[in-house]
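In: Could you look at this predicted model? Sequence included:
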Amino acid sequence: MIVLFSLVACQVDSGATVVGNPGTRATSQVAPSEGFQYRSAEMYLNYISYIPQDPNAEELQIEVATMLDLLDPTSSFSLLEGNWQSIALQLTSCYSETCPSNWVDGEYPIMITGQDPEGQDFQLDLTVDRIVFSYDNGYNLRDQQIVELASPEWLSNQDLADAEQISELIRTTSTLHADQNKNGILDSSER
């Protein structure tokens with residue numbers, strides 16, 4: 001059973017408070033690929049699901065409903081502090097009232113534009129609906145975090161026209177890291 005919280009302050013079994021004590025902050029960024037320059041990168045984060053380490057505890061689903069600028073280290077969202085077996089970001093296409101002007105209403109949860117190593121412009125319209133972070137030992141969220149979409153050099157050998165393959169790379173290689181220096185940008189020492 002999933003417990004859904006939205007704009008309600010309450011205490012949950014993990015010891016985290018849903019609203020009023022949001023826990024820790026997280027930023028998101030797109031992994032670098034040599035020779036690629038990103039112009040824009042946006043993601044619409046709808047919900048975050050928290051799966052507790054206790055198998056008898058219920059999954060929590062918290063509404064976030066925010067557009068994240070993946071190139072801006074100050075664009076952030078809240079994560080619940082606590083011990084979690086896994087955390088899932090639920091993405092969706094944006095809604096009319098929250099869509100940036102360059103988005104087509106309701107189309108893509110992630111949109112990235114830029115220039116490839118040959119100087120050609122590209123636009124990635126990606127239909128990623130869920131990104132799950134899971135470790136055997138779980139996550140003990142206490143400090144600021146960084147979500148890295150995909151892994152370094154993820155675009156290097158990809159056909160940019162194959163949006164499904166690129167979406168799959170994001171689903172399977174994205175990672176969650178502690179932001180040890182708290183600057184909102186993932187560097188090699190934090191990977």
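Out: Right, received. Where do you want to start?
In: Can you list the strands that the strand ranked longest in the chain pairs with?
Out: Longest strand of the chain, by residue count under DSSP state E: strand 37-52. Here strand 37-52 is paired, per DSSP bridges, with strand 59-69 (antiparallel), strand 82-91 (antiparallel), strand 110-115 (antiparallel).
In: following the shortest one, which helix or strand comes up?
Out: Spelled out, it's strand 110-115. strand 121-126 (DSSP states H and E).
In: Name every strand pairing with that next one and say which way it goes.
Out: Per DSSP bridges, strand 121-126 is paired in its sheet with strand 110-115 (antiparallel).
In: which residues are in contact with the partner strand?
Out: The contact list for strand 110-115 (CB atoms under 8 Å, 6 or more residues apart in numbering) reads 30, 36-44, 70, 91, 102-103, 121-126, 128, 149, 167, 170. The way it works is simple: take the backbone N, C-alpha and C, and place the C-beta from them, glycine included.
In: Generate a ChimeraX selection restricted to the buried subset of those residues.
Out: Per 16 or more other CB atoms under 10 Å, the buried members of those correspond to this ChimeraX selection:
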select :30,36,38,41,42,43,44,70,91,103,124,125,126,128,149,167,170
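In: Going by residue numbers, what spans are helices in the protein?
Out: Under the criterion DSSP state H, the chain contains helices at 163-173.
In: quick one: low-confidence parts of it?
Out: 1-22, 94-107 (pLDDT under 70).
In: Apply 50 and report the result again.
Out: Scanning the chain for pLDDT under 50 picks out 1-21.
In: measure the residue of it most remote from its centre to Pro152 for me?
Out: Distance to the chain centre peaks in the chain at Glu118, reaching 28.5 Å (criterion: CA atoms, centre = their mean). The gap separating Glu118 from Pro152 is 20 Å, by CB to CB, to the nearest Å.
In: Repeat that for Ala65.
Out: 30 Å.
In: Could you do Thr24 as well?
Out: For Thr24, the distance to Pro152 - CB to CB - is 24 Å.
In: thinking Tyr44 is in contact with Met67, fair?
Out: Yes: look at Tyr44 against Met67 with CB atoms under 8 Å: they come within range, at 5.4 Å.
In: how long is stretch 164-182 end to end?
Out: 33 Å (CA to CA, to the nearest Å).
In: Name the residues that touch stretch 157-173?
Out: For stretch 157-173, contacts defined as CB under 8 Å, 6+ apart pick out 31, 110, 116, 122, 124-128, 130-131, 149-151, 154-155.
In: now swap in stretch 179-188 and tell me
Out: Contacts for stretch 179-188 (CB under 8 Å, 6+ apart): 27, 29, 73-74, 76, 143-146, 148, 177, 189-190.
In: swap in stretch 78-90?
Out: 12, 14-16, 18, 22-26, 45-53, 60-62, 64, 129-135, 138-142, 145, 147, 176.
In: in it, what counts as buried?
Out: 78-90.
In: Which two of those residues have the greatest separation?
Out: Asn83 and Gln90 (20.6 Å; CB to CB).
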